[in-house]
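1. What follows is a predicted protein model with its sequence.
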Amino acid sequence: MFLGNLNLKYMNNYIFRILVLASLSLLGSCRIGKQQATPELDLPAAYRATPVVSSAETVLPVREFFKDPVLLELIDSAMAKNYDLNMAVKSIESSEQVFKKVKLNYLPDLTARMDANTTRPSKNSLGGIGNELFIGSYSVADFNTNLGLTWEIDIWGKVKTQKEEALSNYLQSVEATKAVQTRLVADIANGYYNLIMLDNQLRVAENMEAISDSTLRIITVQQSVGQVTILGVNQARAQLEFARQLIPQIEQSIALQENALSILCGSYPAAVVRKDFNEEEIIALTKPAYPASLLGARPDVRAAEHTLTAANARVGLTQIAMYPSLTISATGGLNTFKASNWFSVPASLFGMVAGGISQPVFLRGQLKMQHELAKIEREKAVLGFRQSVLLAIGEVENALVRQEKNDLQIQSSLSRVKSLTEARKNADLLFKTGMATYLEILNTQSAYLQSELDLAELKRQKKLAAIELYRALGGGWK
């Protein structure tokens, strides 16, 4: 008995050594290709526009950048209810589960099994005759309970590469969700300030309706006494109708914007509470920033980099698939042909250990094609990463230009509104005293109306430029 155990142990060691030597010889002939690193980027030293923006490492959080409590309440609602954001969060959870599953690939597979069967060979067969001679029955029962273990030795770093790919996909989904959050915050803020601009324009239109109606009544009286012709009444009435036309047009835009903002916040269309324009509601970005800092703040750039890392890992996995694999398996348990002896120990104990090397043969061409496709996808990921950086810098440049030029436009617009306000008052006085014609007062009122509408639009664009710059620099949502 001792000699039999010794021989079995020797054979197992012998088989294991042969497998190891075969694997080492294969290692000498196969090498996994070097993974492509993140490409070098020839970034500009500074932005074209004046770099009066916050550095990416110190972008303000949302609650410090926005000061309007009504807007912050809308943002909080969107973070909790927006369906696009919730789907992105589910993608994170899915990627996390895949990552956890891949980490378990380091462990061997262990299965438990219990079965029983009966075999009855023909009486004229050798099996039937042998059963009759040795156990006195043609039927033979088999009762088996065992544990089986299978373990693929990670020769080529397959599990490590799978883990790297799963981790990169997980991090990519995290950054993609941050990008959705940042975009959602910007869209809500843009919609909110667009509503405020429309409110201001509606007040201007309503004010002009009242002024135009008063002017029409005066001109109508003058026409009745022969001071002006019917042409003056027609033009005054046309200006009144223009002001009246603006009111439902603006009200329609307000309703559509409220509906869109409600849907962004995950609610059914409804009225949206808001405040008036406040120049201090958005904190100015005043610290200098440089293009290289975008790589550490923009979630879309980081997501593109993680996509490249995952593509690198996929190339390695497709290359590993062409190499041989070493698998060790073991099975042990209880086996007997009588139910009464099923759990008789140690007589019913049995065990088996085996090892094997498998190498793809006829699938070699297919696996090589998959490897080439993976390399093409990696090159696409490199291009995608470069493009994301290029677009990021371009968005910051555009936001800086808009912010700088918008301030100059607002200064001119304020001066224009001030001049036309005085001109409208003077025109009213001169018209009532007969020293100005109806054409002069109508032209002055029309210019004043347009200047007020333009100023409201420029104030909205100023807010939007600051929000876009904030988003382009990576946002600050936490």
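-> Okay, I see it.

2. what's I153 sitting at in phi/psi?
-> phi -70, psi 130 (degrees, to the nearest 10).

3. Hmm, I typed the wrong one, I wanted T327.
-> phi -130, psi 130.

4. Strands of this structure, start to end?
-> 109-119, 140-153, 325-336, 349-358 (DSSP state E).

5. Format those strands as a markdown table; extra columns: distance to I393, mean neighbour count and mean pLDDT.
-> Quick note: C-beta positions are derived from backbone N, CA and C, even for glycine. A markdown table is the format used below for the strands of the chain (distance: least, Cβ to Cβ, whole Å; neighbours: other Cβ atoms under 10 Å; pLDDT from 0 to 100):
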| stretch | distance to I393 | mean neighbour count | mean pLDDT |
| --- | --- | --- | --- |
| strand 109-119 | 49 | 10 | 83 |
| strand 140-153 | 46 | 16 | 82 |
| strand 325-336 | 45 | 17 | 85 |
| strand 349-358 | 50 | 13 | 84 |
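
6. Need those strands in CSV (columns: distance to R237).
-> Compiled in CSV, the strands of the chain are given as follows (distance: least, Cβ to Cβ, whole Å):
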stretch, distance to R237
strand 109-119, 87
strand 140-153, 88
strand 325-336, 89
strand 349-358, 91
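
7. Which of those sits closest to Q257?
-> The closest of these to Q257 is strand 109-119. By Cβ to Cβ, the value is 57.5 Å.

8. Report the inter-axis angle for the closest one versus strand 140-153.
-> Put simply, strand 109-119 runs at 160 degrees to strand 140-153, going by axes from the mean of the first three to the mean of the last three Cα atoms, to 10 degrees.

9. How far does strand 109-119 sit from its chain's centre?
-> Put simply, strand 109-119 sits 47 Å off its chain's centre (Cα atoms, centre = their mean, to the nearest Å).

10. where does the chain have low pLDDT?
-> Within the chain, the stretches with pLDDT under 70 are 1-38, 45-59, 106, 128, 131-132, 135-136, 138, 277-296, 476-478.

11. now the helices for it?
-> Assigned by DSSP state H, the helices in the chain fall at 2-29, 62-65, 69-81, 83-103, 126-135, 158-224, 230-264, 299-320, 364-432, 438-472.

12. Looking at those, which one is packed in the most?
-> helix 299-320 (a mean of 22; mean count of other Cβ atoms under 10 Å).

13. can I get the CA coordinates of it in PDB?
-> Extracted in PDB, the C-alpha atoms of helix 299-320 (Å, rounded to 0.1, in the frame of the first residue of the first chain):
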ATOM      1  CA  PRO A 299     -14.300  64.300 -17.300                       C
ATOM      2  CA  ASP A 300     -14.700  63.700 -21.000                       C
ATOM      3  CA  VAL A 301     -10.900  63.800 -21.500                       C
ATOM      4  CA  ARG A 302     -10.300  61.400 -18.600                       C
ATOM      5  CA  ALA A 303     -13.000  59.100 -20.000                       C
ATOM      6  CA  ALA A 304     -11.300  59.100 -23.400                       C
ATOM      7  CA  GLU A 305      -8.000  58.200 -21.600                       C
ATOM      8  CA  HIS A 306      -9.600  55.300 -19.800                       C
ATOM      9  CA  THR A 307     -11.100  54.100 -23.100                       C
ATOM     10  CA  LEU A 308      -7.600  54.100 -24.500                       C
ATOM     11  CA  THR A 309      -6.400  52.100 -21.600                       C
ATOM     12  CA  ALA A 310      -9.200  49.500 -22.000                       C
ATOM     13  CA  ALA A 311      -8.400  49.300 -25.700                       C
ATOM     14  CA  ASN A 312      -4.800  48.600 -24.800                       C
ATOM     15  CA  ALA A 313      -5.900  45.800 -22.500                       C
ATOM     16  CA  ARG A 314      -8.100  44.300 -25.200                       C
ATOM     17  CA  VAL A 315      -5.200  44.100 -27.600                       C
ATOM     18  CA  GLY A 316      -3.300  42.200 -25.000                       C
ATOM     19  CA  LEU A 317      -6.200  39.800 -24.300                       C
ATOM     20  CA  THR A 318      -6.600  39.000 -28.000                       C
ATOM     21  CA  GLN A 319      -2.900  38.300 -28.200                       C
ATOM     22  CA  ILE A 320      -3.100  36.000 -25.200                       C
END
